[in-house]
Structures are given as C-alpha cells and as structure tokens.
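In: any chance you could fold what I've pasted below:
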Amino acid sequence: MTSTPTAFAGLLLVLLSFFSGVESAAAAPGNGGGAVVKLTGPRRATYMAAFEQHVLQTYVQTGLTTSGLPINVYREALLGFYNLQQRGQVSAQRQVLTIIDFNRSSRLKRLWVIDVKQQRVLFHTLVAHGKNTGEEFASAFSNQNGSEMSSLGFYVTGNTYDGKHGLSLKLNGLDAGYNTNAASRSVVVHGAEYVCEEFVRAHGRLGRSQGCPALPLDQSSAIIRAIKNGTVVYAHAPSGVRYESSLQELDPALLAFAQSKGLADD
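Out: You can find the predicted model right below:
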C-alpha cells in the first residue's frame, strides 16, 4: 500500500511536470548563465520522465519524506545542482548537496547535507540566519555589505580556514542580485554557541548571525569537511519572498542529469 507522504510526493511531481511546460525556460535576468541548452521532442520527454522519477525515488530512499524537507525544495536544489554540473562549476566527483530551507522556523532543523551519489543524508541540523533577517522566521534577505542579513540562492563552497569561529568555510555566491557579495561580506559557514537546542529552549528561537549560515559547534567541523571544495549549497526562499535564478532552468539540468546517468547520446 502506498504511504501518504509518497502519494503526496508523486502528486506534487505530476503538478510540477505539468507547469514545467514543453519549452525551455528563459534565463532569469542578471544571472549570467552558460551556453543555451534547448531540448526538444522525445529526447526531452525521456529525460524529464527519468529526472522526475529520480527526484521521487531519491526523496523516498533517502528518508526525506519524514525529515521536513518539502519535495519541491529538494527538486529545486537538484535542478541547480545539475545546472552547475552542466556549466562545469562543480565537480562530478563531489556530489554533495547542502539545502537550507528558510521557510522553516529557526527552532527546527532546516539544513540537510545530502550525498547525491550514495542517496543518503549525511547531516540534518539547525542553522542560523542573520540578525536583520528576522526573529524566529527568516523574512528579509540582502546581498549588501553591512546588512547583517542572510542571502538566498546557490553557492559553491571554497576553501577552509581557521578564523575567530574556528574552522570556517568560504562560500562563492552564484546568483547575481542575491548572494554574489558573499565573499566580500565574509559570509561563511562556521560554528557558533548560539546554534543549539538549549538556546531555542531559553529564547524561543535560534541565535542569529551577521548573515552567515552558522552551525552547531559539535557538528560544524564535520559538516565543513564534508562540503568543502566545490560542492553546492542552496538557500531556499521562504513563501512570499521573491527569488529567480537561471540555475533553475530545466533543459540544461535535464541534459546534465541524463549525462550523469548514461542516458544522453551526445
């Protein structure tokens, strides 16, 4: 008998496929995508069917159905992951994807680190948002220096270094207008003592950063080592907050996915 989460996930994928249409999405302005990829006819239909099936199967197999991560957010993250592979901005050998769902309360675990190749969740934990992004919930975002806000969109991780918060990880923002000032703002992954269940119980919300996705101290080093040097991070926008990206284009993602699975003939 099909479980309720699985059936619901399947319905969502059908709806998502319907609204995807039959033509390539136009590139979002200001995101500087790579070469235009346009799939047509049976090949596109085959790749799309395989991708949607992959999204559903891996969503279930990795246990994400009961983790609080909505399937549409997982799908968006995978689209960006494969778009970045198509552009050659991430290594096919480093198939690790980190998802932050800013639609969830800061009281809840809203960061997932997923091994895409092995189809397993490596970490699921708390993550902070910026001081000026909101109290319990994240609602305001910025790419501006000095804003002390979190930024949305896709990043590729860089090198580690030892800073004032210990082991830290540089982030390279890839969405113009949303997160491309991450490096100049020193928005990095690091551990913080205010990211813990004790703080939530005492204050009714998680502690906040100056815009960094800060992690629990007892997990930060392990997570940083798992995602450093060229893996994808996706910070999902909460409901009602505008976010557009060329990294959500369907056709180049479908092609990269098909190539990774040996389905492509070119």
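
In: from N172, how far out is the most centrally placed residue in the chain?
Out: Residue closest to the mean C-alpha point of the chain, counted by C-alpha atoms, centre = their mean, is Y234 at 2.2 Å. The gap separating Y234 from N172 is 13 Å, by C-beta to C-beta, to the nearest Å. Heads up, the C-betas are built off the backbone N, CA and C, glycines and all.

In: can you give me the strands in the stretch 51-200 of the chain?
Out: All strands of the stretch 51-200 of the chain, identified by DSSP state E, counting those that start in this stretch, fall at 96-101, 111-115, 120-125, 153-163, 166-173, 188-189, 191-192.

In: helices or strands up against the first one?
Out: With contacts defined as 3 or more C-beta pairs under 8 Å, 6 or more residues apart in numbering; DSSP states H and E, the packing partners of strand 96-101 are helix 71-86, strand 111-115, helix 217-227, strand 232-236.

In: between those, which gets nearest to G153?
Out: Closest approach to G153 among the helices and strands packed on strand 96-101 is made by strand 232-236 (6.1 Å; C-beta to C-beta).

In: and the next element down the chain from that closest one?
Out: helix 250-260 (DSSP states H and E).

In: got the contact list for that next one?
Out: Helix 250-260 is contacted by residues 20, 24-25, 33-34, 37-39, 44, 46-48, 50-51, 54, 78-83, 85-87, 92, 263-264 when judged by C-beta atoms under 8 Å, 6 or more residues apart in numbering.

In: now stretch 177-195: buried residues?
Out: By neighbour count on 16 or more other C-beta atoms under 10 Å, the buried set for stretch 177-195 is 177-182, 185-192, 194-195.

In: what is the nearest of the residues you listed to D218?
Out: Checking the buried residues of stretch 177-195 one by one against D218 (C-beta to C-beta), the nearest turns out to be G191, at 8.1 Å.

In: next, count neighbours for the closest residue in space to the closest one that isn't next to it in sequence.
Out: Excluding the flanking residues, the one nearest G191 by C-beta to C-beta, 6 or more residues apart in numbering is S220, at 3.0 Å. The tally of other residues near S220 (other C-beta atoms under 10 Å) stands at 22.

In: and S220, how far from Y194?
Out: Distance from S220 to Y194, by C-beta to C-beta: 12 Å.

In: between the two, which contacts overlap?
Out: A214.

In: can the strands of the stretch 51-200 of the chain go into TSV with extra columns for distance to Q248?
Out: Below are those laid out as TSV (distance: least, C-beta to C-beta, whole Å):
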stretch	distance to Q248
strand 96-101	14
strand 111-115	18
strand 120-125	23
strand 153-163	9
strand 166-173	16
strand 188-189	23
strand 191-192	30
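
In: deepest in the core, which of these is it.
Out: Of all these, strand 188-189 has the most neighbours on average by mean count of other C-beta atoms under 10 Å, namely a mean of 25.

In: what's next to that strand, contact-wise?
Out: 157, 163, 168-171, 212-215, 220, 223-224, 227.

In: ranking the helices and strands packed on strand 96-101 by burial, who's on top?
Out: strand 232-236 (a mean of 27).

In: partner strands of that one, with direction?
Out: strand 96-101 (parallel), strand 153-163 (antiparallel) (DSSP bridges).

In: alright, I will stop here.
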